[in-house]
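>>> Here is my input, please return the structure:
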Amino acid sequence: MNQLFGYLLVFVGGGCGASLRHMINMAAARGLGTDFPWGTFIINITGSTVMGLIAGYLTFKGGATQHWRLFLMTGILGGYTTFSAFSLDTALLYERGAVGLAALYVLGSVGISIAGLFAGLALVRVLS
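Below you'll find the predicted structure:
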């Protein structure tokens, strides 16, 4: 039952984060235009900053249950932007002294993700 509650917290938090992401994307498009992906840019930066604040607080101050971590970090921030999780994973590798792995993770994640997107686009073009 406790595990099911964890899934529910992630589900609700993810919906809140995704809604906030949509709101910021729409506001950025209206206020800043669409010539640059301002919404995603703002979301990635703010999501990573908030992830750092929460992770730092939980590491140095503690006091949050696993349910709060699931709701805030996996749920809300996961729905808002997975870039915050990517940033945290990179920082953890770096702080463990695995600088090479951190660089590989960054370059591989970005490069292979973009290559995957282009491969998906190409496949759809071929099949259409």
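>>> Packing partners of the host helix or strand of Phe41?
Assessed by DSSP states H and E, Phe41 sits inside helix 38-60. Under the contact criterion of 3 or more Cβ pairs under 8 Å, 6 or more residues apart in numbering; DSSP states H and E, helix 38-60 touches helix 2-32, helix 77-80, helix 83-95. Where you see a C-beta, it was placed from the backbone N, CA and C, and this is true even at glycine.
>>> Can you point out the buried residues in the first one?
To tie it back to what came earlier, the one meant is helix 2-32. By neighbour count on 16 or more other Cβ atoms under 10 Å, the buried set for helix 2-32 is 6, 9-10, 13-14, 17-18, 20-21, 24-25, 28.
>>> pLDDT averaged over that helix - what is it?
Computed over helix 2-32, the mean pLDDT rounds to 96.
>>> Go ahead and measure how far it is from the middle of the chain.
Going by Cα atoms, centre = their mean, to the nearest Å, the spacing between the C-alpha centre of helix 2-32 and its chain's C-alpha centre is 11 Å.
>>> If you count contacts, what does it end up packed against?
The contact analysis (3+ Cβ pairs under 8 Å, 6+ apart) places helix 2-32 against helix 38-60, helix 66-69, helix 77-80.
>>> The last one now?
Contact partners of helix 83-95 among helices and strands, from 3+ Cβ pairs under 8 Å, 6+ apart: helix 38-60, helix 77-80, helix 99-127.
>>> Send me it as PDB with only the CA atoms.
These are the backbone C-alpha positions of helix 83-95, laid out as PDB (Å, rounded to 0.1, in the frame of the first residue of the first chain):
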ATOM      1  CA  PHE A  83      16.600  18.400 -17.200                       C
ATOM      2  CA  SER A  84      16.700  19.000 -13.500                       C
ATOM      3  CA  ALA A  85      17.200  15.200 -12.900                       C
ATOM      4  CA  PHE A  86      19.900  15.300 -15.600                       C
ATOM      5  CA  SER A  87      21.600  18.200 -13.900                       C
ATOM      6  CA  LEU A  88      21.500  16.500 -10.500                       C
ATOM      7  CA  ASP A  89      22.900  13.200 -11.900                       C
ATOM      8  CA  THR A  90      25.700  15.200 -13.500                       C
ATOM      9  CA  ALA A  91      26.500  17.000 -10.300                       C
ATOM     10  CA  LEU A  92      26.500  13.800  -8.300                       C
ATOM     11  CA  LEU A  93      28.900  12.100 -10.700                       C
ATOM     12  CA  TYR A  94      31.200  15.200 -10.600                       C
ATOM     13  CA  GLU A  95      31.100  15.400  -6.800                       C
END
